[in-house]
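# This is a predicted model, with the sequence first.
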Amino acid sequence: MATRPLAVVSNREPYLHSKAEDGSVTWSPTTGGVSVALDALMRERGGVWVAHGAGDADKSVVDDGDRVRVPPDAPAYALRRIWLSETEERHYYEGFANEGLWPLSHVAHVKPVFRAEDWRVYRAVNDRFARAVDDELPDRVAPVFIQDYHLTLVPHYLRQRRPDARIALFWHIPFPHPDTLRICPYRREILEGLAATDLLAFQLERDRRNFLAAARAELGATVKHGRVYASNHTTTVCTAPIGVDFDRIQSIARDPGLETEMARLRRELRIETPLVGVGVDRLDYTKGIPERLDALDALFTRCPGLAHQLTFVQIAVPSRSKLDRYAAVEADIDQRVAALNTKHGPGPGGGGPIRYRKSALRIKRLVALYRLADFCIVSSLHDGMNLVAKEFVAARDDLDGVLVLSEMAGSAQELREAVIINPYDVEGFANGLQQALDMPVDERQRRMRAQRRVVAGHDVFRWASDIFGGLDHLDPRSWPPAPGGHIQTA
């Protein structure tokens, strides 16, 4: 792959600087496979990462141009921070992005809200990001890689300033069907922003088709052989399903100290049962946590003794808690967990069969939790991919454990050996959980071995390399990329 410097653009920054209790400044990397992979590429190739500075000590470490060299312990590239006021965050991020575009893109029966003021601020913030990229581009042909639905207008604004820029954008979440997209009064501007890229990538073929149909219907674009021709510009539209950092998770799973971490988690979570199930999610209405609890309730009701044999650990990380819809789903889950534990408890360890924790786990503890589990539930009502499913598989180098996976999650398109369930079908969901618990050892191993081949073969580094490789070689005479990549354009 070419080694020219890169420009990465995202709402979330790869490193945060924070104030410690003694007044000193500390730093920490952002968690998540995407940030890890892009950070590794940036350390290798250099360049600039433009992102919103959200740490409470971020401003204290930047230079006069709002830049800081990162990683802090071995500087390799520049992080250019964008500052947003509380009002801007409320309208751009909480408002337009997460009360508008997020529910619009997810079939989870939550009404999207579009406000003129949110849209005004969203446009202004996107323009600010584009101006920063224009200021910071390492050279005229440096690839620009923009992340997700927060920044859909950046390609258009950047193209106005840099007509020859080589721009890619990855849309991480589902892309709405054209009929659903019509709900958005600003859909044309969103589509024009996305069509200003050179390479536009989605998780699934369904999402790619939805975008192509919308570009044709709303922009009057010509669509041919996976390319969109609009406003004298050509955009190649592809699928590139994202993966996890398989090797890192594998190395943690093989660490001799993992057994100690597993034992510590058993004590902390008061797990005294022979069977363990896990769920790991953001507290989001798209993740199907209430539906999961309903299925567990149905399972315990049909098998009364099981509540004393099985402990289910639900990790739910608070997210967008200022928004009413998120506060409502959090309150609903709190109530359901309490009711379920009252109904089916007490059991071993006390308090009923559900252990509920509203905090994130660091990667080592997360892998330890995955290894404790006899099964892992991913019950998304709609999901672009869902990397928890792939993390669980990557952690199971013992070839044990069963993934119970919603057919509504993008990862179900790849992990076909999981126990596939419909989260809206409570009895069918409970049947899937029963199947996971009753599955013979040889079948568990066969299924897990097949899933691990998929996850190892398409990890997050290959995802990033394929997209950059595609952008580097976007001359139509050399497209598609050389054999070995998994980007699909048709």
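That came through, no problem.
# Could I get the buried residue list for the one helix or strand in the chain whose mean pLDDT sits lowest?
Ranking every helix and strand in the chain by mean pLDDT, DSSP states H and E puts helix 33-45 at the bottom, with a mean of 83. Judged by neighbour count using 16 or more other Cβ atoms under 10 Å, the buried positions of helix 33-45 are 33-39, 41-42, 45. Heads up, the C-betas are built off the backbone N, CA and C, glycines and all.
# for stretch 410-427, same thing?
For stretch 410-427, a neighbour-count test (16+ other Cβ under 10 Å) marks 410-412, 414-415, 417-419, 421, 423, 426 as buried.
# In helices only, show me these.
V426 (DSSP state H).
# avg pLDDT for stretch 54-62?
Averaged across stretch 54-62, pLDDT comes to 95.
# neighbouring contacts of it?
12-13, 16-19, 25-27, 53, 68, 81, 83 (Cβ atoms under 8 Å, 6 or more residues apart in numbering).
# what distance separates the start and the end of that stretch?
Using Cα to Cα, to the nearest Å, the end-to-end distance of stretch 54-62 comes out at 13 Å.
# What of stretch 137-149?
For stretch 137-149, the end-to-end distance is 22 Å (Cα to Cα).
# Check stretch 23-43 too.
End-to-end distance for stretch 23-43: 29 Å, by Cα to Cα.
# centre of the chain versus it, how much separation?
In terms of Cα atoms, centre = their mean, to the nearest Å, the centre of stretch 23-43 is found 16 Å from the chain centre.
# and what of stretch 355-363?
17 Å.
# gap between the least confident helix or strand of the chain and the chain center?
The answer for helix 33-45 is 16 Å, by Cα atoms, centre = their mean.
# Give me the helices and strands touching whichever helix or strand comes after it, please.
For helix 33-45, the following helix or strand on the C-terminal side (DSSP states H and E) is strand 47-52. Identification of packing neighbours for strand 47-52 by 3 or more Cβ pairs under 8 Å, 6 or more residues apart in numbering; DSSP states H and E yields strand 6-10, strand 77-82, helix 116-136.
# got the angle for the longest one vs strand 6-10?
Per axes from the mean of the first three to the mean of the last three Cα atoms, to 10 degrees, the angle that helix 116-136 makes with strand 6-10 is 160 degrees.
# which element follows helix 116-136 toward the C-terminus?
Counting by DSSP H and E, what follows helix 116-136 is strand 143-147.
# Could you export the next helix or strand along the chain from that following strand as PDB, CA atoms only?
Elements were assigned by DSSP H and E; along the chain past strand 143-147, the next helix or strand is helix 154-161. Extracted in PDB, the C-alpha atoms of helix 154-161 (Å, rounded to 0.1, in the frame of the first residue of the first chain):
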ATOM      1  CA  VAL A 154     -17.600  17.800   4.800                       C
ATOM      2  CA  PRO A 155     -16.900  16.300   1.400                       C
ATOM      3  CA  HIS A 156     -18.900  19.000  -0.400                       C
ATOM      4  CA  TYR A 157     -17.400  21.800   1.500                       C
ATOM      5  CA  LEU A 158     -13.900  20.500   1.100                       C
ATOM      6  CA  ARG A 159     -14.400  19.800  -2.600                       C
ATOM      7  CA  GLN A 160     -15.300  23.500  -3.000                       C
ATOM      8  CA  ARG A 161     -11.900  24.400  -1.500                       C
END
